[in-house]
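# using only what follows, build the 3D model:
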Amino acid sequence: MSLHADTVAALTDWQPSARGQQSLRQAFLAFLAARPDACARSCEPGHITASALVLSSTGSHVLLTLHPRVGAWLQLGGHCEPDDATLVDAALREASEESGIERLTIEPTPVHVDVHPITCSLGVPTRHFDVRFVVHAPAGAQPVRSDESLDLRWWPLDDLPDPTGTSGLADMLAAAGRLPTPA
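As a prediction, this is how the structure comes out:
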């Protein structure tokens, strides 16, 4: 199965409870139906990306990166690569690369989706159709900042940086069952 087919299957099977997430899921599926290259970063109108909401082994902290292009604390994640067989593979690869943590485990069902405008590696304005997964770190995990980050740190779930800002951290954590659903 191709990455494109896997992404269609994952989003077809996923049934989010939030109405807005249902609408976005349908938009993702329509985009995938229209663009066979939707998972490739070379798709200029936009492309699928995979993110990881990395939780500590106790589930009390989330690992966030200070993203250099966006200038905000975000979950780990990024572009799908040609070697990624599945969207889960892409999210787990990104989490491992950006955290430096080995033995991460991933919940294979998406928890959240988002579309956001960005100027990424293409150098032109595009959109990221981001599919987000929950990832668990092993006990005692110590992150190591990569070149893709200005900073990397564990944040307590009750003391997030800008939780209701543009990153949608509170929405993602609520969808993952880690915070009360935002009003």
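# packing partners for the host helix or strand of R93?
Under the criterion of DSSP states H and E, R93 resides in helix 87-99. Judged by 3 or more Cβ pairs under 8 Å, 6 or more residues apart in numbering; DSSP states H and E, helix 87-99 is in contact with helix 3-13, strand 47-55, strand 76-79, strand 105-106, strand 125-136. C-beta coordinates here come from the backbone N, C-alpha and C atoms, glycine included.
# which of the residues in it are buried?
L87, V88, D89, A90, A91, L92, R93, E94, A95, S96, E98, S99 (16 or more other Cβ atoms under 10 Å).
# report the contact partners of G71.
Residues near G71 by Cβ atoms under 8 Å, 6 or more residues apart in numbering: none.
# again, but for the one 3 residues further on
Listed by Cβ under 8 Å, 6+ apart, the contact set of L74 reads L64, T65, H67, S167, L169.
# looking at these, which are in helices?
L169 (DSSP state H).
# please flag which of the contacts of L74 sit within strands.
Those of the contacts of L74 mapping onto strands are L64, T65, per DSSP state E.
# which of the contacts of L74 are buried? Put it as a ChimeraX command.
In ChimeraX syntax, the buried subset of these is picked out as below (16+ other Cβ under 10 Å):
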select :64,65,67,167,169
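# how near is the closest residue to R178 other than its chain neighbours to G59?
Distances taken as Cβ to Cβ, 6 or more residues apart in numbering put L157 closest to R178, at 6.0 Å, once the chain neighbours are dropped. L157 sits 8 Å away from G59, going by Cβ to Cβ, to the nearest Å.
# which one's more surrounded, those two?
Neighbours per residue (other Cβ atoms under 10 Å) separate L157 from G59, with L157 holding more: 17 against 14.
# how close does the more buried one get to P82?
Remark: distance between L157 and P82 (Cβ to Cβ) = 35 Å.
# cool, L53 as well?
25 Å.
# looking at it, H112 is touching Q21, isn't it?
Yes. Using Cβ atoms under 8 Å, H112 is in contact with Q21, at 6.7 Å.
# residues that sit against both of the two, list them.
Common neighbours of H112 and Q21 (Cβ under 8 Å, 6+ apart) are A175.
# of those two, who's got more company?
H112 (24 against 19).
# read off the pLDDT value for that one.
pLDDT recorded at H112 is 96.
# if the residue nearest to the spatial centre of the chain is in a bridge, with which residues?
The centroid of the chain falls nearest to S51 when counting by Cα atoms, centre = their mean (1.7 Å). Legend: beta-bridge partners of S51 under DSSP bridges are G77, R132.
# OK, contacts around P161?
Applying Cβ under 8 Å, 6+ apart, the residues near P161 are L64, A72, W73, W155, L169.
# same thing but at 10 Å, please
L64, L66, A72, W73, L74, R153, W155, S167, L169 (Cβ atoms under 10 Å, 6 or more residues apart in numbering).
# fine, thanks again, bye for now.
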